[in-house]
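> I'd like to go over a predicted model; first the sequence, then the structure.
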Amino acid sequence: MTAEVRPRLNWEAVDLGFAMARRWWPRLALAWTLTALPALVAAALLLPDHPWWALALVWWGKPLYERGPLHVLSRALFGHLPPAGELARALPGLLWRQALGALTVFRPDPARSFNRPVAQLEGGSARDRGARLRTLQRTAHGAATALTLACLAFELILWAGLLALAWLLAPGGVLGLESGSLLDELSATARGWIMVLAAWGAMAAVAPFYVAGGFALYLNRRSRLEGWDLELAFRRLAARVAHLRRPAAVVLAAALVLPLSPVPAQADELHLLPPAEARQIIGEVLADPVFGGTETVPGWYPRKRAGGAEKEPGGEVDLDWLARLLRALAGAGDILGRVAELLMWLGAAVVAGLLVIWILRHLPRGGWGLKSRREGGADAAPRTLAGLDVRPESLPEDPAAAARALWQAGRAREALSLLYRAALAALVARHGLRLPASATEGDCLRAVRAMAGRLGADTADFFAALTRLWQAAAYAHREPAPADMETTCGDWPHHFGGGP
Amino acid sequence: MNDSPAPGAEIAAAHDTAQALRREIARVMVGQDEVIDQVLVALFAAGHVLVEGVPGLGKTLLVRALARTFDGRFARIQFTPDLMPSDITGHALYDMKAQTFKIRRGPVFTHLLLADEINRAPAKTQAALLEVMQEQQVTIEGQALPMDRPFMTLATQNPIEQEGTYPLPEAQLDRFLLKVLIDYPGADEEAELVARVTSGQVGDGLNVSAVSPVVDAETITRLQATCARVQVDRKVLEYAVAIVQKTRNWPGITVGAGPRGGIALVRAARAAALLNGHDFVTPDDIKQMAAPALRHRLVLSPEMEIEGQTADTVLAAVLESVEAPRT
């Protein structure tokens, strides 16, 4: 025996496992590598161009590589550290047993490191193993899962660290600041393989600790449940006694035990007891608080459907239904079903939420129904342009006539503003002109000239002349010449006419 | 805003003159039309220009050609680390015969001054020049000597070779009306340039003989007066101020342009309007001059500089976000 087996807290047990892993590190790492390295090579040969798929493949096979280290641990605990040759001979037999299940149904098992010793070291039929696992897992499952998560985190950290190291030490270039590093010149595949190698290294570093942690949890659970530590102590005692001379041992044992306890004498008597009496004594022993009592452990158990237990409508106050409900809840259906149902509803909610977001995002900006239909193709058209309101609604039916009326009323500036605005509105609505709010007259003119092919050169020229008139009126406060105004109002419907 | 708007005829005459100047300079300065325009804008607005560009792009040629177009004087000072303020402004000299101090005027007394590689001289010397630019006069031995009009400084900076230079402080950069970036010409234009310089010419000296004087210095001074009377609508003014203010709270700009930035922007826009041939400033003129008038007044945040953003790209984003004036 190389480790002190006694009942511990689960975390203490994991710590014992890590101590074992440190102690036998080389042999454990060798046992892991003996299977994991061939797997990596095989994956590389199989998928030379897809490093990430190869990594996934290697990663998927992890339960198989952990069998070697477990074998080493189980032997080393009893003082025999299997040499490499013996290990190599033992491996094929270890690998094939239950390989299919380990790689399919039980691959996602979060308590793998704890469950594996039960299958590998105790053997037994699948049904027995299931019952035994349920018993063993009752208090250790959480710790085993936490161990898996912690080891996963360590693996990721190590992986990132190894990669950072590789990139930092690669000649040329500084990480993230300039290209020209040797690694940056490699192909994506080659870089992928570097990452795969780093991942494999991280797995190799963590695996012995993971296996040993799970194994120690298993030992601890057995000590607590079955007093395995006592059994081992008795065996040690027996072994030591066997070394001594028989007669001397018997005398010594008799001298030690006889005066202290009446048990041997009683045992002799018990052999003669009739079964009925024996049963009674057994009952007494079981009832003794020293032997242990019953303990109520709340948990989730399959629901037993009681027939005809319908609620009574109306009736007097009956708390029976409450008791039934509590009982049903306490023994409510298997947790897996509940969790699956919850997940299903969560998933449905997420999908529904995404659908709503998608619909909202793809709806026309204007909103729902009539309004969006009326705005039609110009839904995203700007409402204002260079500070001018260019919405079709803000303009009169016939801008040219309205402008002429304004001009004759002596409001030439407003008339030109209206014409300019209406021209832009027509371009926006009918020709899909798009301009930001920061667009100046010059920007508008350039955009219109760029569309001259579609609009016709004379329309572009007209727009240019209109822009000049408008700028002079707006920024130089200069009244347009009557002739200019006359031609502009006259020609406007020809170019942008009909109202938008 | 404007006391008496310039009459149309005066504007038209000014525009013709500007076109003539532009044409003459373009005879020797190939493929740098934007640079020529911006330098003319600074000349009309009576401002000074900071030119940034690698050596050999014709900065000296530009200044000499410009000086020749109005028959003006031209001086060039090569800034070096040992250049003293008196080397620029001049100094008093004791005349043994007359037993009096005589004032010897420095190279700064000219129409066009090319301050080559201004960032190579120490701060003291830079400050002397910048003071002359601002005050338009030189004080030697307590005697104030006014500068000739027009007076314009074109300071150059080299964007590479920052070693051993004294970068201009922000406060002094502010005194330049415009910062003009001069870049390599296009392939066709460069071929044209090489052809012109190498045909029938001994050596590679600058030949500005193709430029003929079109006006005199007096006309330039009058032009500057005309430019100052170009009309600016209140809305346009507010647009310029809005742009300047936006640079002060724009993410990515640590220090925005001060009020002097707005003043420079409107002054430059006036000259640009004149150059474009109208007697009033439009938002387009403001937009056109925003980059040269403001780019040297911004301090970008370190993150933006690391990202490779320049003042011009940030200014473009600022302009994009400022609404053009509402009328």
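Yep, it's here.
> What are the contacting residues of the helix or strand harbouring residue B:288?
Secondary structure from DSSP states H and E places residue B:288 in helix B:283-294. Helix B:283-294 is contacted from outside by A:386, A:440-443, B:38, B:41, B:177-180, B:236, B:239-240, B:243-244, B:247, B:257, B:261, B:264-266, B:268-270, B:272-273, B:276, B:311-312, B:315-316, B:318-319, B:324-325, using C-beta atoms under 8 Å, 6 or more residues apart in numbering or on different chains. In short, each C-beta sits where N, CA and C put it, glycine included.
> Could you pull up phi and psi at residue 106?
Reading this off chain A. Main-chain dihedrals, residue A:106, degrees, to the nearest 10: phi -100, psi 10.
> Hmm, no, I was thinking of chain B.
Recorded main-chain torsions at residue B:106 are phi -80, psi 180, according to degrees, to the nearest 10.
> could you list every residue that touches it?
Residue B:106 makes contact with B:86, B:87, B:88, B:89, B:90, B:91, B:138, according to C-beta under 8 Å, 6+ apart.
> ChimeraX command for the buried members of those residues?
If you want just the buried ones from these in ChimeraX, going by 16 or more other C-beta atoms under 10 Å in any protein chain shown, the selection is:
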select /B:87,88,89,90,91,138
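> possible to save the contacts of residue B:106 as a markdown table with distance to chain A and secondary structure?
Formatted as a markdown table, the contacts of residue B:106 follow (distance: C-beta to the nearest C-beta, whole Å; DSSP: H, G, I helix; E, B strand; the rest coil):
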| residue | distance to chain A | secondary structure |
| --- | --- | --- |
| B:86 | 47 | helix |
| B:87 | 43 | helix |
| B:88 | 41 | helix |
| B:89 | 42 | helix |
| B:90 | 45 | strand |
| B:91 | 49 | strand |
| B:138 | 40 | strand |
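> on that earlier part again, parallel or antiparallel, which strands does the helix or strand following the helix holding residue B:288 pair with?
Later in the chain than helix B:283-294, the nearest helix or strand by DSSP H and E is strand B:299-300. Applying DSSP bridges, strand B:299-300 is found paired with strand B:253-255 (antiparallel).
> nearest spatial neighbour of the residue of the stretch 101-250 of chain B found nearest chain A, skipping sequence neighbours?
Proximity of the stretch 101-250 of chain B to chain A (C-beta to the nearest C-beta) peaks at residue B:233, 4.4 Å away. Distances taken as C-beta to C-beta, 6 or more residues apart in numbering or on different chains put residue A:475 closest to residue B:233, at 4.4 Å, once the chain neighbours are dropped.
> and the one you found, what pLDDT?
Predicted confidence (pLDDT) at residue A:475: the value is 83.
> Burial check on it, number of neighbours?
By the measure other C-beta atoms under 10 Å in any protein chain shown, the count of residues near residue A:475 is 26.
> What of residue A:344?
The burial count for residue A:344: 10, using other C-beta under 10 Å.
> what's near enough to touch it?
Per C-beta under 8 Å, 6+ apart, neighbours of residue A:344: none.
> Could you measure from it over to chain B?
45 Å (C-beta to the nearest C-beta, to the nearest Å).
> circling back to that earlier point, can you give me how far the helix holding residue B:288 is from the chain middle?
14 Å (C-alpha atoms, centre = their mean, to the nearest Å).
> Also stretch B:86-100?
Its chain's C-alpha centre and that of stretch B:86-100 lie 31 Å apart, by C-alpha atoms, centre = their mean.
> Nice, that's everything, thank you.
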